[in-house]
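>>> Give me coordinates for this.
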Amino acid sequence: MGFCIEVQNLSYAYPDGRRALQGVSLSVQAGEKVALVGPNGAGKSTLLLHLNGILRGQGTVRVMGHEVAEPHLARIRAQVGLVFQDPDDQLFSPTVFDDVAFGPLYARLAQEEVRRRVAWALAQVGLEEYAERLSHHLSLGEKKRAAIASVLSMRPEILALDEPTAGLDPRARRRLVGLLRELPQTMLAATHDLRLVAEVFPRTAVLDGGRVVADGPTEALLADGRLLEAHGLR
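Below you'll find the predicted structure:
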């Protein structure tokens with residue numbers, strides 16, 4: 001299998017001068033599920049935002065063989081489903097149907113295809129009966145699943161998830177963990193939830209200070225108490 005995400009020597013500084021990424025290199029194969037862990041400010045979310053060109057740093061980022069650059073952005077943004085930490089940043093339409101239909105409609109797909117995709121995406125996240133519900137009336141767990149459906153409707157190759165379990169109660173968290181384990185997409189997830197990492201992601205990369213300081217099998221990294229302690233992960 002080839003790499004569907006290739007990041008080479010990526011550096012990025014925010015306008016205030018804070019250096020968020022410093023020479024990050026990371027490759028992810030098709031079908032892999034990889035967790036990004038590290039303390040606050042390590043650069044995890046910043047790295048995710050480079051995958052579809054929301055942020056553009058120095059270095060090279062390739063998705064499905066294409067460099068994340070102007071000629072390829074439309075194709076790449078259809079291939080990378082970015083799920084934000086706060087689902088209210090993603091759900092802005094009156095109903096769940098409208099939110100999940102937004103991407104396919106923007107892509108000018110036929111109405112019948114849009115309906116098919118919405119029904120399929122809602123079924124993937126267990127919200128089949130929620131199409132006409134008001135998005136802002138959902139629980140946080142339901143909103144997170146609706147946000148995932150809103151990117152699944154574009155049939156992305158890759159899911160990039162920022163703190164997917166943050167704020168969820170135990171029941172909603174279990175349901176989301178089950179969903180992430182079942183979805184077939186390549187996944188890159190930034191998270192502080194080490195239980196989620198152990199349950200869903202066979203590989204983990206540790207970021208600290210804008211650098212990848214460890215990358216390997218999740219079981220081995222989570223068993224390394226010294227590594228976890230050194231990077232604020234205990």
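
>>> alpha carbons only for contacts and neighbour counts from here, please
Will do.

>>> how about Tyr14, what does it touch?
Ala20 (C-alpha atoms under 8 Å, 6 or more residues apart in numbering).

>>> Backbone torsions only: list them for Val28.
Backbone geometry at Val28, expressed as degrees, to the nearest 10, gives phi -130, psi 130.

>>> Likewise for Thr95?
Torsion angles, degrees, to the nearest 10, at Thr95: phi -120, psi 160.

>>> count of residues packed around it?
Per other C-alpha atoms under 10 Å, the neighbour tally for Thr95 reads 18.

>>> Spatially nearest residue to it, not counting backbone neighbours?
Once flanking residues are discounted, Thr95 sits nearest to Leu134: 4.5 Å by C-alpha to C-alpha, 6 or more residues apart in numbering.

>>> ranges for the strands of the protein?
3-13, 19-29, 33-37, 58-63, 66-67, 80-83, 158-162, 186-190, 203-208, 211-217 (DSSP state E).

>>> Thr95: which of these is closest?
strand 80-83 (18.2 Å; C-alpha to C-alpha).

>>> Count the neighbours of Lys33 for me.
23.

>>> what about the protein, any weak spots by pLDDT?
Scanning the chain with the threshold set as pLDDT under 70 gives 1.

>>> again, 90 this time
Within the chain, the segments meeting pLDDT under 90 span 1-3, 41, 70, 74-75, 78, 106-107, 232-234.

>>> Spit out the contact partners of the residue nearest to Thr95.
Contacts of Leu134 by C-alpha under 8 Å, 6+ apart are 94-96.

>>> Return the closest of those with respect to Gln85.
Val96 (17.9 Å).

>>> Please give me every residue in contact with that closest one.
Counted by C-alpha under 8 Å, 6+ apart, Val96 has contacts 130-135, 146.

>>> Could you pick out the buried ones from the residues you listed?
Buried members of the contacts of Val96, counted by 16 or more other C-alpha atoms under 10 Å: 130-131, 135, 146.

>>> Put together a markdown table for these, with distance to Asp215 on each row.
Shown next, in a markdown table, are the buried ones among the contacts of Val96 (distance: C-alpha to C-alpha, whole Å):
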| residue | distance to Asp215 |
| --- | --- |
| Tyr130 | 39 |
| Ala131 | 40 |
| Ser135 | 38 |
| Ala146 | 31 |
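
>>> Looking at those, which one is closest to Leu51?
Out of the buried ones among the contacts of Val96, the member with the shortest distance to Leu51 (by C-alpha to C-alpha) is Ala146, at 21.5 Å.
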